[in-house]
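[1] Pasted the sequence and its predicted model underneath.
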Protein chains: 2
Amino acid sequence: MVTAVDFQQMLRGAALRVTRPRLAVLNAVHAHPHADTDSIIAAVHRELPQVSRQAVYDSLHRLTTVGLVRLIQPSGSVARYEARVGDNHHHMVCRSCAVITDVDCAVGEAPCLTAFHDNGFSIDEAEVTYWGLCPDCFAAKSS
Amino acid sequence: MVTAVDFQQMLRGAALRVTRPRLAVLNAVHAHPHADTDSIIAAVHRELPQVSRQAVYDSLHRLTTVGLVRLIQPSGSVARYEARVGDNHHHMVCRSCAVITDVDCAVGEAPCLTAFHDNGFSIDEAEVTYWGLCPDCFAAKSS
DNA sequence: CCCGTTTCTTGACTGAGTCCAGAAAGCAGG
DNA sequence: CCTGCTTTCTGGACTCAGTCAAGAAACGGG
(Lines give C-alpha, C1' and ligand atoms only; values in the text may rest on other atoms or scores of the structure.)
Protein backbone atom coordinates (compact mmCIF):
# COMPACT_ATOMS: atom_id res chain seq x y z
CA MET A 1 0.00 0.00 0.00
CA VAL A 2 1.31 3.38 -1.00
CA THR A 3 0.61 6.20 1.45
CA ALA A 4 0.43 9.96 1.23
CA VAL A 5 3.89 10.16 2.77
CA ASP A 6 5.27 7.96 -0.01
CA PHE A 7 3.76 10.27 -2.59
CA GLN A 8 5.38 13.26 -0.91
CA GLN A 9 8.75 11.57 -1.03
CA MET A 10 8.25 10.66 -4.68
CA LEU A 11 7.58 14.28 -5.51
CA ARG A 12 10.52 15.58 -3.52
CA GLY A 13 12.74 12.93 -5.04
CA ALA A 14 11.77 14.26 -8.44
CA ALA A 15 12.48 17.86 -7.37
CA LEU A 16 8.82 18.76 -7.68
CA ARG A 17 6.96 20.85 -5.14
CA VAL A 18 4.51 18.97 -2.99
CA THR A 19 1.05 20.34 -3.69
CA ARG A 20 -2.38 19.06 -2.84
CA PRO A 21 -3.41 18.70 -6.49
CA ARG A 22 -0.33 16.64 -7.28
CA LEU A 23 -0.86 14.36 -4.32
CA ALA A 24 -4.46 13.84 -5.35
CA VAL A 25 -3.41 13.08 -8.93
CA LEU A 26 -0.78 10.57 -7.81
CA ASN A 27 -3.34 8.98 -5.56
CA ALA A 28 -5.92 8.78 -8.34
CA VAL A 29 -3.49 7.23 -10.80
CA HIS A 30 -2.45 4.60 -8.25
CA ALA A 31 -6.08 3.86 -7.40
CA HIS A 32 -7.31 3.68 -11.01
CA PRO A 33 -4.72 2.12 -13.32
CA HIS A 34 -5.26 2.85 -17.04
CA ALA A 35 -7.79 5.60 -16.27
CA ASP A 36 -8.29 8.36 -18.79
CA THR A 37 -7.85 12.01 -17.94
CA ASP A 38 -11.53 12.65 -17.27
CA SER A 39 -11.72 9.76 -14.80
CA ILE A 40 -8.65 11.09 -13.04
CA ILE A 41 -10.15 14.56 -12.89
CA ALA A 42 -13.31 13.05 -11.41
CA ALA A 43 -11.33 11.09 -8.82
CA VAL A 44 -9.32 14.16 -7.89
CA HIS A 45 -12.51 16.18 -7.54
CA ARG A 46 -13.91 13.66 -5.06
CA GLU A 47 -10.94 14.53 -2.86
CA LEU A 48 -10.46 18.20 -3.73
CA PRO A 49 -13.51 19.57 -5.53
CA GLN A 50 -12.01 22.90 -6.42
CA VAL A 51 -8.99 21.67 -8.39
CA SER A 52 -9.02 22.87 -11.97
CA ARG A 53 -8.93 20.65 -14.97
CA GLN A 54 -5.82 22.43 -16.11
CA ALA A 55 -3.98 21.61 -12.88
CA VAL A 56 -4.67 17.92 -13.45
CA TYR A 57 -3.44 18.09 -17.03
CA ASP A 58 -0.33 19.92 -15.89
CA SER A 59 0.33 17.51 -13.01
CA LEU A 60 -0.04 14.51 -15.27
CA HIS A 61 2.40 16.00 -17.76
CA ARG A 62 4.98 16.75 -15.12
CA LEU A 63 4.60 13.41 -13.38
CA THR A 64 4.98 11.76 -16.77
CA THR A 65 8.13 13.67 -17.70
CA VAL A 66 9.81 12.87 -14.37
CA GLY A 67 8.75 9.23 -14.71
CA LEU A 68 6.39 8.90 -11.74
CA VAL A 69 3.50 7.95 -13.97
CA ARG A 70 3.39 6.53 -17.46
CA LEU A 71 1.23 7.69 -20.31
CA ILE A 72 -0.31 5.05 -22.53
CA GLN A 73 -2.26 5.82 -25.63
CA PRO A 74 -3.43 2.83 -27.62
CA SER A 75 -4.64 3.63 -31.10
CA GLY A 76 -8.15 5.03 -30.96
CA SER A 77 -8.01 5.81 -27.27
CA VAL A 78 -7.59 9.05 -25.40
CA ALA A 79 -4.61 9.46 -23.07
CA ARG A 80 -4.53 7.04 -20.16
CA TYR A 81 -2.15 6.91 -17.22
CA GLU A 82 -0.77 4.22 -14.97
CA ALA A 83 1.51 4.10 -11.95
CA ARG A 84 3.51 0.98 -12.81
CA VAL A 85 6.73 2.49 -14.09
CA GLY A 86 10.27 1.28 -14.50
CA ASP A 87 9.37 -2.32 -15.24
CA ASN A 88 9.13 -3.67 -18.71
CA HIS A 89 5.48 -4.49 -19.00
CA HIS A 90 3.11 -4.22 -21.90
CA HIS A 91 -0.62 -4.04 -22.50
CA MET A 92 -3.48 -6.03 -23.92
CA VAL A 93 -6.35 -4.02 -25.28
CA CYS A 94 -9.78 -5.51 -25.94
CA ARG A 95 -11.04 -4.57 -29.38
CA SER A 96 -14.59 -4.83 -28.18
CA CYS A 97 -14.78 -3.11 -24.79
CA ALA A 98 -11.39 -1.34 -24.80
CA VAL A 99 -10.39 -2.66 -21.38
CA ILE A 100 -6.63 -2.60 -20.83
CA THR A 101 -4.75 -5.31 -18.97
CA ASP A 102 -1.11 -5.44 -17.95
CA VAL A 103 1.08 -8.12 -19.41
CA ASP A 104 4.57 -8.91 -18.27
CA CYS A 105 6.93 -9.28 -21.15
CA ALA A 106 5.91 -12.72 -22.40
CA VAL A 107 9.21 -13.76 -23.89
CA GLY A 108 11.45 -12.89 -20.97
CA GLU A 109 13.51 -9.79 -21.46
CA ALA A 110 14.98 -10.84 -24.73
CA PRO A 111 13.39 -9.42 -27.81
CA CYS A 112 11.30 -6.59 -26.58
CA LEU A 113 13.68 -4.57 -24.48
CA THR A 114 16.88 -5.10 -26.37
CA ALA A 115 18.15 -1.75 -27.49
CA PHE A 116 19.72 -2.20 -30.87
CA HIS A 117 20.95 -0.15 -33.76
CA ASP A 118 19.05 -0.81 -36.92
CA ASN A 119 18.65 1.37 -39.97
CA GLY A 120 20.88 3.73 -38.00
CA PHE A 121 18.15 4.24 -35.40
CA SER A 122 19.16 4.35 -31.77
CA ILE A 123 16.32 2.51 -30.05
CA ASP A 124 15.71 2.98 -26.35
CA GLU A 125 12.29 1.39 -25.91
CA ALA A 126 10.14 -1.24 -27.52
CA GLU A 127 6.48 -0.90 -26.73
CA VAL A 128 4.23 -3.87 -27.39
CA THR A 129 0.47 -3.68 -27.60
CA TYR A 130 -1.54 -6.89 -27.87
CA TRP A 131 -4.94 -6.60 -29.51
CA GLY A 132 -7.73 -9.09 -29.10
CA LEU A 133 -10.76 -9.89 -27.01
CA CYS A 134 -10.96 -9.89 -23.24
CA PRO A 135 -12.46 -12.99 -21.56
CA ASP A 136 -15.91 -11.44 -21.21
CA CYS A 137 -16.18 -10.23 -24.79
CA PHE A 138 -14.73 -13.49 -26.09
CA ALA A 139 -17.37 -15.46 -24.18
CA ALA A 140 -20.12 -13.09 -25.32
CA LYS A 141 -19.10 -13.49 -28.95
CA SER A 142 -18.90 -17.28 -28.80
CA SER A 143 -22.30 -17.70 -27.25
CA MET B 1 4.75 0.13 -59.44
CA VAL B 2 1.08 0.24 -58.61
CA THR B 3 -1.16 1.70 -61.29
CA ALA B 4 -4.61 3.24 -61.35
CA VAL B 5 -5.95 -0.03 -62.74
CA ASP B 6 -4.55 -1.90 -59.76
CA PHE B 7 -6.29 0.51 -57.43
CA GLN B 8 -9.57 -0.08 -59.26
CA GLN B 9 -9.20 -3.80 -58.85
CA MET B 10 -8.37 -3.40 -55.17
CA LEU B 11 -11.55 -1.43 -54.65
CA ARG B 12 -13.70 -3.86 -56.59
CA GLY B 13 -12.10 -6.75 -54.76
CA ALA B 14 -13.18 -5.15 -51.52
CA ALA B 15 -16.72 -4.62 -52.84
CA LEU B 16 -16.29 -0.86 -52.78
CA ARG B 17 -17.42 1.42 -55.55
CA VAL B 18 -14.67 2.90 -57.65
CA THR B 19 -14.76 6.65 -57.25
CA ARG B 20 -12.30 9.35 -58.14
CA PRO B 21 -11.79 10.45 -54.53
CA ARG B 22 -11.00 6.89 -53.44
CA LEU B 23 -8.53 6.37 -56.24
CA ALA B 24 -6.82 9.62 -55.34
CA VAL B 25 -6.67 8.63 -51.67
CA LEU B 26 -5.23 5.22 -52.46
CA ASN B 27 -2.69 6.87 -54.70
CA ALA B 28 -1.74 9.40 -52.04
CA VAL B 29 -1.29 6.75 -49.35
CA HIS B 30 0.91 4.69 -51.64
CA ALA B 31 2.95 7.74 -52.60
CA HIS B 32 3.37 9.06 -49.06
CA PRO B 33 3.75 6.28 -46.51
CA HIS B 34 3.07 7.29 -42.91
CA ALA B 35 1.48 10.57 -43.97
CA ASP B 36 -1.07 12.19 -41.69
CA THR B 37 -4.57 13.03 -42.81
CA ASP B 38 -3.81 16.63 -43.70
CA SER B 39 -0.92 15.62 -45.94
CA ILE B 40 -3.16 13.11 -47.65
CA ILE B 41 -5.85 15.72 -48.15
CA ALA B 42 -3.23 18.02 -49.64
CA ALA B 43 -1.96 15.28 -51.97
CA VAL B 44 -5.50 14.44 -53.06
CA HIS B 45 -6.21 18.10 -53.74
CA ARG B 46 -3.23 18.33 -56.07
CA GLU B 47 -4.99 15.73 -58.18
CA LEU B 48 -8.64 16.64 -57.58
CA PRO B 49 -8.90 20.10 -56.03
CA GLN B 50 -12.59 19.91 -55.32
CA VAL B 51 -12.63 16.80 -53.14
CA SER B 52 -13.91 17.54 -49.66
CA ARG B 53 -12.05 16.87 -46.45
CA GLN B 54 -14.91 14.69 -45.32
CA ALA B 55 -14.64 12.47 -48.39
CA VAL B 56 -10.98 11.84 -47.60
CA TYR B 57 -11.77 10.99 -43.98
CA ASP B 58 -14.51 8.66 -45.11
CA SER B 59 -12.36 7.01 -47.77
CA LEU B 60 -9.55 6.44 -45.30
CA HIS B 61 -11.96 4.87 -42.82
CA ARG B 62 -13.43 2.55 -45.37
CA LEU B 63 -10.10 1.60 -46.88
CA THR B 64 -8.89 0.89 -43.36
CA THR B 65 -11.83 -1.30 -42.43
CA VAL B 66 -11.53 -3.37 -45.61
CA GLY B 67 -7.78 -3.68 -45.06
CA LEU B 68 -6.47 -1.80 -48.10
CA VAL B 69 -4.65 0.71 -45.93
CA ARG B 70 -3.47 0.56 -42.35
CA LEU B 71 -3.94 3.18 -39.69
CA ILE B 72 -1.03 3.84 -37.35
CA GLN B 73 -1.23 6.12 -34.40
CA PRO B 74 1.88 6.29 -32.26
CA SER B 75 1.40 7.94 -28.90
CA GLY B 76 1.35 11.70 -29.30
CA SER B 77 0.75 11.59 -33.03
CA VAL B 78 -2.31 12.22 -35.11
CA ALA B 79 -3.64 9.44 -37.34
CA ARG B 80 -1.26 8.30 -40.05
CA TYR B 81 -1.82 5.84 -42.88
CA GLU B 82 0.29 3.43 -44.86
CA ALA B 83 -0.24 1.06 -47.74
CA ARG B 84 1.88 -1.85 -46.56
CA VAL B 85 -0.73 -4.22 -45.27
CA GLY B 86 -0.91 -7.92 -44.61
CA ASP B 87 2.72 -8.34 -43.69
CA ASN B 88 3.86 -8.35 -40.12
CA HIS B 89 5.94 -5.22 -39.92
CA HIS B 90 6.40 -2.72 -37.15
CA HIS B 91 7.53 0.86 -36.76
CA MET B 92 10.33 2.92 -35.31
CA VAL B 93 9.43 6.42 -34.23
CA CYS B 94 11.99 9.15 -33.64
CA ARG B 95 11.40 10.87 -30.32
CA SER B 96 12.94 14.04 -31.67
CA CYS B 97 11.57 14.57 -35.18
CA ALA B 98 8.72 12.02 -35.15
CA VAL B 99 9.77 10.42 -38.42
CA ILE B 100 8.42 6.88 -38.80
CA THR B 101 10.36 4.03 -40.37
CA ASP B 102 9.24 0.52 -41.20
CA VAL B 103 10.88 -2.38 -39.45
CA ASP B 104 10.43 -5.99 -40.38
CA CYS B 105 9.77 -8.17 -37.41
CA ALA B 106 13.27 -8.45 -36.00
CA VAL B 107 12.89 -11.85 -34.38
CA GLY B 108 11.35 -13.71 -37.25
CA GLU B 109 7.70 -14.51 -36.85
CA ALA B 110 8.03 -16.05 -33.47
CA PRO B 111 7.14 -13.83 -30.54
CA CYS B 112 5.35 -10.94 -32.05
CA LEU B 113 2.69 -12.56 -34.16
CA THR B 114 1.96 -15.64 -32.14
CA ALA B 115 -1.64 -15.53 -31.15
CA PHE B 116 -1.88 -16.92 -27.68
CA HIS B 117 -4.35 -17.15 -24.85
CA ASP B 118 -3.17 -15.40 -21.73
CA ASN B 119 -5.19 -14.05 -18.84
CA GLY B 120 -8.10 -15.41 -20.84
CA PHE B 121 -7.47 -12.88 -23.59
CA SER B 122 -7.77 -14.01 -27.17
CA ILE B 123 -4.95 -12.13 -28.88
CA ASP B 124 -5.01 -11.64 -32.63
CA GLU B 125 -2.30 -9.05 -33.12
CA ALA B 126 0.85 -7.86 -31.43
CA GLU B 127 1.87 -4.37 -32.41
CA VAL B 128 5.41 -3.28 -31.66
CA THR B 129 6.57 0.32 -31.65
CA TYR B 130 10.25 1.08 -31.25
CA TRP B 131 11.12 4.47 -29.78
CA GLY B 132 14.45 6.18 -30.15
CA LEU B 133 16.37 8.59 -32.33
CA CYS B 134 16.63 8.53 -36.09
CA PRO B 135 20.12 8.72 -37.61
CA ASP B 136 19.92 12.47 -38.23
CA CYS B 137 18.70 13.38 -34.77
CA PHE B 138 21.19 10.98 -33.19
CA ALA B 139 24.04 12.63 -35.06
CA ALA B 140 22.73 16.09 -34.21
CA LYS B 141 22.58 15.25 -30.54
CA SER B 142 26.06 13.74 -30.41
CA SER B 143 27.77 16.65 -32.11
C1' DC C 1 -29.95 4.21 -70.36
C1' DC C 2 -32.36 4.21 -65.60
C1' DC C 3 -33.00 3.69 -61.02
C1' DG C 4 -31.76 2.42 -56.46
C1' DT C 5 -28.03 2.65 -53.48
C1' DT C 6 -23.74 4.30 -52.09
C1' DT C 7 -20.84 8.10 -51.77
C1' DC C 8 -19.71 13.05 -51.65
C1' DT C 9 -20.42 18.05 -50.36
C1' DT C 10 -21.22 21.58 -47.21
C1' DG C 11 -21.29 23.38 -42.92
C1' DA C 12 -22.18 23.07 -38.13
C1' DC C 13 -20.52 20.75 -34.18
C1' DT C 14 -17.88 17.97 -30.45
C1' DG C 15 -14.31 17.02 -27.27
C1' DA C 16 -9.55 16.45 -25.91
C1' DG C 17 -6.12 19.18 -25.04
C1' DT C 18 -3.46 23.90 -25.02
C1' DC C 19 -2.38 28.86 -24.06
C1' DC C 20 -2.22 32.76 -21.29
C1' DA C 21 -2.39 36.28 -17.56
C1' DG C 22 -3.09 37.02 -13.06
C1' DA C 23 -3.75 34.92 -8.25
C1' DA C 24 -2.23 31.61 -4.89
C1' DA C 25 0.69 28.54 -2.61
C1' DG C 26 5.29 26.10 -1.68
C1' DC C 27 9.77 26.48 0.19
C1' DA C 28 14.36 28.22 1.12
C1' DG C 29 16.91 31.84 4.01
C1' DG C 30 17.01 34.59 7.69
C1' DC D 1 7.81 31.99 12.31
C1' DC D 2 8.06 35.66 8.56
C1' DT D 3 9.69 37.37 3.71
C1' DG D 4 10.11 37.13 -0.78
C1' DC D 5 11.11 34.57 -4.86
C1' DT D 6 9.59 30.99 -7.76
C1' DT D 7 6.67 27.51 -9.15
C1' DT D 8 2.11 26.15 -9.57
C1' DC D 9 -2.93 26.79 -9.97
C1' DT D 10 -7.25 29.10 -11.63
C1' DG D 11 -10.43 30.57 -15.07
C1' DG D 12 -11.57 31.24 -19.44
C1' DA D 13 -10.75 31.65 -24.23
C1' DC D 14 -9.03 29.04 -27.90
C1' DT D 15 -7.16 25.33 -31.32
C1' DC D 16 -7.36 21.41 -34.01
C1' DA D 17 -8.52 16.65 -35.34
C1' DG D 18 -12.21 14.40 -36.23
C1' DT D 19 -17.57 13.58 -36.43
C1' DC D 20 -22.53 14.27 -37.67
C1' DA D 21 -26.26 15.06 -40.68
C1' DA D 22 -29.11 16.38 -44.73
C1' DG D 23 -29.38 16.87 -49.28
C1' DA D 24 -26.91 16.47 -53.97
C1' DA D 25 -24.17 13.72 -57.02
C1' DA D 26 -22.26 9.64 -58.98
C1' DC D 27 -21.69 4.55 -59.46
C1' DG D 28 -23.05 0.39 -61.72
C1' DG D 29 -26.38 -3.70 -62.09
C1' DG D 30 -30.17 -4.71 -64.83
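    Looks like it came in fine.
[2] only C-alpha atoms for contact and neighbour calcs from this point on.
    Fine.
[3] What segments of chain A are helices?
    In chain A, the helices defined using DSSP state H lie at A:4-13, A:20-31, A:37-47, A:53-66, A:110-113, A:135-142.
[4] Which one, of these, ends up nearest to chain B?
    helix A:135-142 (5.0 Å; C-alpha to the nearest C-alpha).
[5] chain center to the closest one, what's the gap?
    Put simply, helix A:135-142 sits 26 Å off its chain's centre (C-alpha atoms, centre = their mean, to the nearest Å).
[6] Same check on stretch A:9-28?
    For stretch A:9-28, the distance to the chain centre is 16 Å (C-alpha atoms, centre = their mean).
[7] What of stretch A:52-64?
    Its chain's C-alpha centre and that of stretch A:52-64 lie 14 Å apart, by C-alpha atoms, centre = their mean.
[8] Contact residues of chain A facing DNA strand C?
    With C-alpha under 7 Å from any atom of the strand as the criterion, chain A meets DNA strand C at residues A:12, A:16-20, A:36-38, A:54, A:57, A:78-79.
[9] Tell me which two of those residues sit farthest apart.
    A:Arg12 and A:Val78 (29.1 Å; C-alpha to C-alpha).
[10] if we can go back for a sec, and the helices of chain A, which one averages the lowest pLDDT?
    The minimum mean pLDDT among the helices of chain A belongs to helix A:110-113 (a mean of 48).
[11] Spatially central residue in chain A, please.
    A:Glu82 (2.2 Å; C-alpha atoms, centre = their mean).
[12] is it in a bridge, and if so with what?
    Beta bridges link A:Glu82 to A:Arg70 when assigned by DSSP bridges.
[13] Between the helices of chain A, which one is closest to B:Leu71.
    For B:Leu71, the closest of the helices of chain A is helix A:110-113, at 22.4 Å, according to C-alpha to C-alpha.
[14] can the longest strand anywhere in chain A be found next to chain B?
    Counting residues, the longest strand found in chain A (DSSP state E) is strand A:121-133. Yes: interface with chain B: strand A:121-133 contributes A:121-133 (C-alpha under 8 Å from any C-alpha of the partner chain).
[15] which bits of chain A sit near chain B?
    A:72-76, A:92, A:107, A:111, A:119-135, A:138.
[16] let's see it at 6 Å
    A:73, A:75, A:120-135 (C-alpha under 6 Å from any C-alpha of the partner chain).
[17] Only the buried members of these: can you turn that into a ChimeraX selection?
    Selection of the buried residues among those in ChimeraX, burial being defined by 16 or more other C-alpha atoms under 10 Å in any protein chain shown:
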select /A:73,75,121,122,123,125,126,127,128,129,130,131,132,133,134,135
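[18] Can you see whether stretch A:77-97 contacts DNA strand D, counting any residue in it?
    No: shown here: stretch A:77-97 not in contact with DNA strand D (C-alpha under 7 Å from any atom of the strand), separated by at least 10.8 Å.
[19] any idea how far DNA strand D is from whatever residue of chain A ends up closest to DNA strand C?
    Per C-alpha to the nearest atom of the strand, A:Arg17 is where chain A lies closest to DNA strand C, at 3.3 Å. Distance, A:Arg17 to DNA strand D, by C-alpha to the nearest atom of the strand, to the nearest Å: 5 Å.
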